[in-house]
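Chemist: Fold the following, please.
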Amino acid sequence: MAMNSSLMLGAPIEGLLERLYAQHAAQTGAVADYFTARAAEGSLDWSGFDRRTNEFLKDKLIALDRPKAEFCYHVCRALRARRVVEAGTSFGVSTLFLAAAVRDNLRRGDDRGPGGRPIVIGTEYEPEKARIARAHFAEAGLSDFIDLREGDLRETLADVAAPIDFMLIDIWTPMARPALGLIAPHLREGAVVICDNTEQFREAYQEYFDFVYDPGNRLKTMTVPFEGGLEFTVRAG
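Modeler: You can find the predicted model right below:
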């Protein structure tokens with residue numbers, strides 16, 4: 001899906017994003033080669049990472065494509081989002097877009113609704129990645145808008161205050177269903193959940209879609225034709 005954008009988040013953030021996306025691009029080939037080689041060996045379990053894969057990914061910057069991240073920014077602005085959850089922070093690239101949207105909503109004087117202070121709640125399993133992400137948030141001047149929690153998301157996202165306006169899921173596919181299951185009860189009517197690569201890894205997301213299509217969860221969804229597929233799910237009334 002092609003996208004022309006004039007979105008600029010401010011000089012400090014744009015300079016940081018340029019650097020981080022360059023780092024992401026420089027690592028893309030190595031990541032693809034690693035997973036191709038492991039798949040050829042037949043030694044990779046797609047239901048979870050082994051120690052070898054975890055070690056390989058420790059210093060890899062996994063970032064949401066910029067057009068997708070900008071799309072999330074615009075959706076958050078349209079929702080006037082004040083409380084956002086992100087499952088899968090890594091080095092914090094997409095978090096910067098989400099936090100900037102929350103910041104910009106407040107600059108417009110939006111004081112809608114209850115739910116505590118405006119915030120992006122992120123979660124990251126790897127402590128070193130969390131440390132680096134926090135440094136990026138500080139460099140961007142967005143730390144006050146981000147609550148980054150370290151550890152297993154089944155624990156870090158067990159306690160979030162409602163209402164949640166927006167959620168981004170960009171994480172290893174087996175963790176998508178647990179993440180959504182924890183946050184779904186806190187989604188306000190009209191809230192949006194974005195999940196990445198749902199077309200490319202459709203089979204791996206089967207449990208996620210089972211949850212989304214369960215009528216009792218009051219979710220309506222469609223796949224937006226970004227590269228790999230981007231799931232756009234709305235909490236219905």
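Chemist: Now the spatially most central residue of the chain: which helix or strand?
Modeler: With distances taken as CA atoms, centre = their mean, the chain has Leu168 as the residue nearest its mean C-alpha position (3.8 Å). Assigned by DSSP states H and E, Leu168 belongs to strand 164-169.
Chemist: what do you get for Ala179?
Modeler: Assigned by DSSP H and E, Ala179 belongs to helix 176-183.
Chemist: Now do the longest strand seen in the chain: everything it contacts.
Modeler: In the chain, assigned by DSSP state E, the strand with the most residues is strand 187-196. Outside of strand 187-196, the residues within contact range by CB atoms under 8 Å, 6 or more residues apart in numbering are 64, 68, 71-72, 75, 79, 113, 162-170, 176, 180, 183, 205, 208, 219, 228, 230-237. The C-beta positions use only the backbone N, C-alpha and C, and glycine is treated the same way.
Chemist: which residue sits farthest out from the middle of this protein?
Modeler: In the chain, Glu41 marks the outermost C-alpha relative to the chain mean, sitting 30.3 Å out by CA atoms, centre = their mean.
Chemist: Kindly list the main-chain dihedrals of it?
Modeler: phi -70, psi -30 (degrees, to the nearest 10).
Chemist: what sits against it?
Modeler: With contacts defined as CB under 8 Å, 6+ apart, Glu41 is in contact with no residue.
Chemist: Could you check how far it is from Val31?
Modeler: Using CB to CB, to the nearest Å, we find Glu41 at a distance of 16 Å from Val31.
Chemist: Noted, bye for now.
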